[in-house]
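# I would like the atomic coordinates for the input below:
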Amino acid sequence: MKILAGRKPSYPRRTVRLVREAVEVVARPGYSVSVVRCADDHTGWSAAEVSAGHRIVLVRRGRFRRRVRGVVADADPTAAYVAEDGDEERFAHPAGGDVCTSVEFGEQLWRRLAGDRRPPPSVYVDGALELAHRRAVASAADPDFALAEQLLVLVGRAITQAAPTPTPASPGNADDRVLVARVREAIVADDPAAAGLFPLAESLGVSPYRLSRAFPRELGVSLTRYRNRVRVGRALERLEAGERELAVLAADLGFADQAHLTRTVREHAGAPPGLIRRLLAR
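I've put the predicted structure just below:
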């Protein structure tokens, strides 16, 4: 366990105390995979850390904020981040602890996989990418073939496919970016106001039209699709844990019925719940 002491934060005004544990689970020439757990009691920014190497970080649980290249972006199970060699990063954890998967690549392998393009610091994680993430974690017992294949899927989706789309760090209206961040927080936290577009807009004091338009501009997906994406992520977690009662799962997650759950999961993750449960079986 490593304890890092940071300088006095500029926003919000609280002392930074970060407790972070990184456990390397796979190490191979050209890449490594670590599970990173943070338990924090701060909301302010940490001291600057300079990234050494290239890595993709996907959040399994929790959420936090990252500041790089002058842009602040939220990281949660729907938004991963890509760090490049030399990036100066700062982190804030206003929601407490989190669990992430960090995949670090050597320079040569990174260039072979990503080419010369510079990915955005934050990328939207759709249901298929989260499934690839979970499959990669489940494949850690076979790092030379099964894990390597899943890492190719991760890189392909996170960099090649996701890079051209809008992300939480895309240039745009700063007010809209803040609005979308508040909406994402409400949906992830199951705020009662997030039960519908109109009550959500009213609770935030904005027009439903503005709320509906801001989401595609900032994330590249509609508000409806994002809400379903969050529910699919929860379904993946339950399926990975071995959930077999799909009717119960559908009711717990607010779907109309089991068929609605199956359609939505297939649409977002590319496979039905039964197959996903088998793919993630350990």
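# which helices and strands sit right next to the helix or strand containing residue 89?
In this assignment (DSSP states H and E), residue 89 forms part of strand 88-92. Here strand 88-92 touches strand 49-50, strand 64-68, going by 3 or more Cβ pairs under 8 Å, 6 or more residues apart in numbering; DSSP states H and E. Where C-beta positions appear, they are placed from N, C-alpha and C, glycine not excepted.
# So for residue 153, which of those strands sits nearest?
Among those, strand 64-68 comes nearest to residue 153, with 23.4 Å by Cβ to Cβ.
# Can you give the distance from the closest one to the centre of its chain?
Strand 64-68 has its average C-alpha position 12 Å from the chain's average C-alpha position, going by Cα atoms, centre = their mean, to the nearest Å.
# which secondary structure elements does it contact?
Short answer (3+ Cβ pairs under 8 Å, 6+ apart): strand 64-68 packs on strand 71-75, strand 79-83, strand 88-92.
# Taking strand 64-68 as reference, get the angle to the last one.
Put simply, strand 88-92 runs at 160 degrees to strand 64-68, going by axes from the mean of the first three to the mean of the last three Cα atoms, to 10 degrees.
# Show me which positions of strand 88-92 end up buried.
Across strand 88-92, burial judged by 16 or more other Cβ atoms under 10 Å covers 89, 90, 91, 92.
# following it, which helix or strand comes up?
Remark: after strand 88-92, the chain's next helix or strand is strand 98-105, criterion DSSP H and E.
# if we can go back for a sec, redo the helices and strands packed on strand 64-68 as TSV? Include distance to residue 258.
Formatted as TSV, the helices and strands packed on strand 64-68 follow (distance: least, Cβ to Cβ, whole Å):
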stretch	distance to residue 258
strand 71-75	32
strand 79-83	29
strand 88-92	40
